[in-house]
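S.K.: mind looking at a prediction? Sequence and model below.
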Amino acid sequence: MLSNITILIFLKYILPLLRDFKFEKEDGNHRILLLFKGKTEPMLCDIFERKVGEDSFYPIYSDSKTIDLIDHTLVVDLNFIDKESDSQFKICISLGNDEKFYSSPFIYKKEQDNFAFVNKFLTRLIKINVSFSTNMILT
């Protein structure tokens, strides 16, 4: 169960830093753009893949050179992803203050020749803090 403090911190400090992803294809190059207003710069980008029939995502790429910060826009290059696979992908952005944010799963759509989110309503980076209390009373 998320604590009220965690939710308030998210709403006040984290949510204003994040905006919707935008998949972009320019001159045959695929990438994700994300407006980033934070004072802490992104340090690392991890990309995870889940193949058809598997339950978990596995890391396929981790590099600080994959991301650029151009005019407060985070740019993640996706050209290395195998577009012939029917896999789902996720991105994890690590900030300099040890915070990590994850994208919703996305896929490559051959008919559109571009990437798209599996769920069109979940297009933001999210940070999830989960805390459990051992003093919970169940009724």
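M.R.: In hand now; what should we look at? Numbering: from 1, shown residues only.

S.K.: test my guess that F115 contacts Y108.
M.R.: Yes. F115 lies in contact with Y108 (Cβ atoms under 8 Å); the separation is 5.4 Å. The way it works is simple: take the backbone N, C-alpha and C, and place the C-beta from them, glycine included.

S.K.: how deep is the closest residue to F48 other than its chain neighbours tucked in, by neighbour count?
M.R.: Nearest residue to F48, sequence neighbours excluded (Cβ to Cβ, 6 or more residues apart in numbering): F57, at 3.8 Å. Close neighbours of F57, defined as other Cβ atoms under 10 Å, add up to 18.

S.K.: distance of I70 from P42?
M.R.: 12 Å (Cβ to Cβ, to the nearest Å).

S.K.: helices of this structure, start to end?
M.R.: Using DSSP state H, the helices of the chain run over 4-9.

S.K.: which of the helices and strands in it ranks last by mean pLDDT?
M.R.: The weakest-scoring helix or strand in the chain, judged by mean pLDDT, DSSP states H and E, is helix 4-9 (a mean of 56).

S.K.: which residues touch L69?
M.R.: Going by Cβ atoms under 8 Å, 6 or more residues apart in numbering, L69 touches F36, E41, P42, V75.

S.K.: narrow these to those in strands?
M.R.: Among the contacts of L69, the members falling in strands (DSSP state E) are P42, V75.

S.K.: beta partners for the residue nearest to D68 when sequence neighbours are not counted?
M.R.: Spatial nearest neighbour of D68, excluding adjacent residues (Cβ to Cβ, 6+ apart): V75 at 4.5 Å. On the basis of DSSP bridges, V75 is bridged to L33, D68.
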